[in-house]
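Undergrad: Here's my sequence, what's the structure:
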Amino acid sequence: MIKLKILRRKILKKVQVSVPWLEHVISDEKFAGDINIQSSQDLILKFKNNLCLYCRGSKLLCGKSRCPALLRLFSFMKTKNLIDAEALSGSSPPSVFIGRIGYPYVYAGPLVPPIIGNTSLFDSPEEWIGKTIDEIVDFRTKLVRGKFRVNVKKPLENQLLSRTLEIALSREPVDTEVIFKKKPSGSFLFDDEFLPMGPSAPLSKIELGNVKFDHRIEKAYSDYDLGAEEAVLDLYLNGVPISAIQRAFSLGAFGIKRQRRLVPTRWSITAVDSLISRRLIEDRVKHNPEISEYRVYSFDYLGNKFVILLIPSKWMYEWIEAWYPRTLWNPHGDYVAIGSDWEGYRGRTTYASLGGCYYAVRLAVAEFLAREGRQASVVAMREIHPEYIMPLGVWINRECVREAFKHGCEKFDTLKDALEYISKKFAIPLKEWIKASALLRNELLQEKITKFLRVSL
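TA: Here you go, the predicted structure:
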């Protein structure tokens, strides 16, 4: 195989585009007259850090289709009256959270909604495809986060942590009663890596009932001689959901006994995605025959457009994201920001510049190829529009790519035909994707030695 001549790096481009939704708002006197702004550029320069103050959810000056602040406010109002006390009883989905601030002394604790019953959907992102953003935010913000300080290197010395671990090992919702040191605060936590969460408060007591352990996770937890990597892979191959593995992993449930540590939730999500995908690629993908045609898979969800291109070749992988103006990672720009990162056949030794989403998508791709018994060069692309009004966590990348593979593909004999089809899926011009992509440029410009071998024969 001919090596790529392009060095691995993060590629960040700016593509000039118009912002029709913002220009329409500004040019419409009915909406903009009260603040007397003459152009969208004037607005950006003068109010770019205070748009919410002047908009107040009525003018949608941020360019999003709905106001994220109001959506959070409505969720807060629904939850507030249910948690206005220093005690709370509910069924944890099960769900837990380990923070990272102050590491190795971090906050940990269970997530408990003020609801008794089957709340398993509240922490099962594998089942969320098709849910509206209102539904996802609603049941996530109902999860009240109890917290206590703990040393990640001494997890067995804390009684509250022992109760939290029992929740993490459960296969069904756990009836939980928590006593707080003060009433939960009204602040919600939204992040692009982990799932949204509701208010929080320091814990003084946890009582549990009807804990039903997942025997597969319990077995891995009880084996003090089993390495964490092998435990995670075994659980995955035995059908344990990714979210359940990540939950137990964060509580230090796996590995050699003396080496077990708590892992902040943000890190555990990426660690599990990275570990499983790497093992699948090495053990169940690279030894397979290459696909014989170009394939394009696609899926749209909540303002995100996903397209996955499989190229007949040895294993390589690239993840590309394009964020429109007025989106999470491109809030004030007038340009589409494109970032990418990739790996060759031998994998990578450094952390991907695009973070956890890189590994979440790699997992979805690796498990599909392993199931197919094939290998390929993979270019996965995501176009994020302002309709994606708030961060929901890295799960959305993994589950949407999984869903794309379920919906079947379009097959092509040439890369040109495949790219022409892809160009119709995206609003961003195809040439911009190619400029941002190391693998596409290599496929288009680098001639393979097999071409000359065919000629000589």
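
Undergrad: Tell me if I'm right that Leu235 and Ile217 touch.
TA: Yes. Counting by CB atoms under 8 Å, Ile217 is a contact partner of Leu235 at 6.5 Å. Bear in mind the C-beta positions are built from the backbone N, C-alpha and C, glycine included.

Undergrad: residues shared between the contacts of those two?
TA: 244-245 (CB atoms under 8 Å, 6 or more residues apart in numbering).

Undergrad: Would you state the helices of the stretch 301-450 of the chain in chain order?
TA: In the stretch 301-450 of the chain, the segments counted as helices under DSSP state H, counting those that start in this stretch are 356-372, 395-406, 415-423, 430-436, 438-445, 449-456.

Undergrad: Could you dump those into TSV with mean neighbour count added?
TA: What follows is the helices of the stretch 301-450 of the chain, written out as TSV (neighbours: other CB atoms under 10 Å):
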stretch	mean neighbour count
helix 356-372	23
helix 395-406	22
helix 415-423	16
helix 430-436	17
helix 438-445	19
helix 449-456	8
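
Undergrad: Who's the closest spatial neighbour of Trp267, skipping the chain neighbours?
TA: Arg100 (6.8 Å; CB to CB, 6 or more residues apart in numbering).

Undergrad: Can you give me the buried ones in stretch 255-267?
TA: 255, 260, 262-267 (16 or more other CB atoms under 10 Å).

Undergrad: What of stretch 423-430?
TA: Quick answer for stretch 423-430 (16+ other CB under 10 Å): 425-426, 428.

Undergrad: same question, stretch 284-302
TA: Buried, per 16+ other CB under 10 Å, within stretch 284-302: 284-285, 291, 294-299, 301-302.

Undergrad: Just name the closest of these to Ala352, please.
TA: Set against Ala352, the nearest of these by CB to CB is Val285 (18.0 Å).

Undergrad: thinking again about what came up before, now do the same contact list for the residue nearest to Trp267.
TA: The contact partners of Arg100, by CB under 8 Å, 6+ apart, come to 106, 264-267.

Undergrad: three-state assignment of it?
TA: coil (DSSP: H, G, I helix; E, B strand; the rest coil).

Undergrad: about what we covered before: nearest to Glu387, of the helices of the stretch 301-450 of the chain?
TA: helix 395-406 (12.9 Å).

Undergrad: and the closest one, C-alpha only, in CSV?
TA: Once non-C-alpha atoms are left out, helix 395-406 reads as follows in CSV (Å, rounded to 0.1, in the frame of the first residue of the first chain):
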residue,chain,number,x,y,z
TRP,A,395,-23.9,10.0,21.4
ILE,A,396,-25.7,11.7,18.5
ASN,A,397,-22.7,11.1,16.2
ARG,A,398,-22.4,7.4,17.0
GLU,A,399,-26.2,6.7,16.9
CYS,A,400,-26.8,8.6,13.7
VAL,A,401,-24.0,6.9,11.9
ARG,A,402,-25.4,3.5,13.2
GLU,A,403,-28.8,4.5,11.8
ALA,A,404,-27.3,5.5,8.5
PHE,A,405,-25.9,2.0,8.1
LYS,A,406,-29.3,0.5,8.9
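
Undergrad: what's it in contact with?
TA: Under the criterion CB under 8 Å, 6+ apart, residues 125-126, 128-129, 195, 242-243, 273, 297-299, 301-302, 304, 306-308, 357, 360-361, 363-365, 367-368, 380, 382 lie in contact with helix 395-406.

Undergrad: which non-adjacent residue is nearest the residue at minimal distance from the centre of the chain?
TA: Nearest to the centroid of the C-alpha atoms of the chain, with distances taken as CA atoms, centre = their mean, sits Val394, at 0.6 Å. Residue nearest to Val394 in three dimensions, not counting chain neighbours: Gly356, with 4.3 Å by CB to CB, 6+ apart.

Undergrad: Distance-wise, check Thr176 relative to Gly90.
TA: From Thr176 across to Gly90, the span is 6 Å (CB to CB, to the nearest Å).

Undergrad: Common neighbours of the two, please.
TA: Common neighbours of Thr176 and Gly90 (CB under 8 Å, 6+ apart) are Val112.

Undergrad: what bits of the stretch 1-150 of the chain have low per-residue confidence?
TA: Low-confidence segments of the stretch 1-150 of the chain (pLDDT under 70): 1-84.

Undergrad: And the buried residues of stretch 423-430, which is closest to Val336?
TA: Closest approach to Val336 among those (CB to CB): Ile428, at 5.9 Å.

Undergrad: what's the closest non-adjacent residue to Ser170?
TA: Pro94 (4.5 Å).

Undergrad: which residues touch the one you found?
TA: Residues near Pro94 by CB under 8 Å, 6+ apart: 110, 123, 167-168, 170, 172-174, 247.

Undergrad: Going along the chain, name the helices of the stretch 101-250 of the chain.
TA: Counting by DSSP H, counting those that start in this stretch, the helices of the stretch 101-250 of the chain are 133-141, 159-169, 215-222, 228-237, 242-250.

Undergrad: mind putting those helices in TSV, distance to Ser185 and mean neighbour count included?
TA: Putting these into TSV (distance: least, CB to CB, whole Å; neighbours: other CB atoms under 10 Å) gives the following:
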stretch	distance to Ser185	mean neighbour count
helix 133-141	13	19
helix 159-169	19	21
helix 215-222	32	17
helix 228-237	34	19
helix 242-250	22	24
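
Undergrad: CSV please, covering the ones you listed and showing distance to Arg374.
TA: Shown next, in CSV, are these (distance: least, CB to CB, whole Å):
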stretch, distance to Arg374
helix 133-141, 33
helix 159-169, 36
helix 215-222, 28
helix 228-237, 19
helix 242-250, 22
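
Undergrad: All good on my end, thank you.
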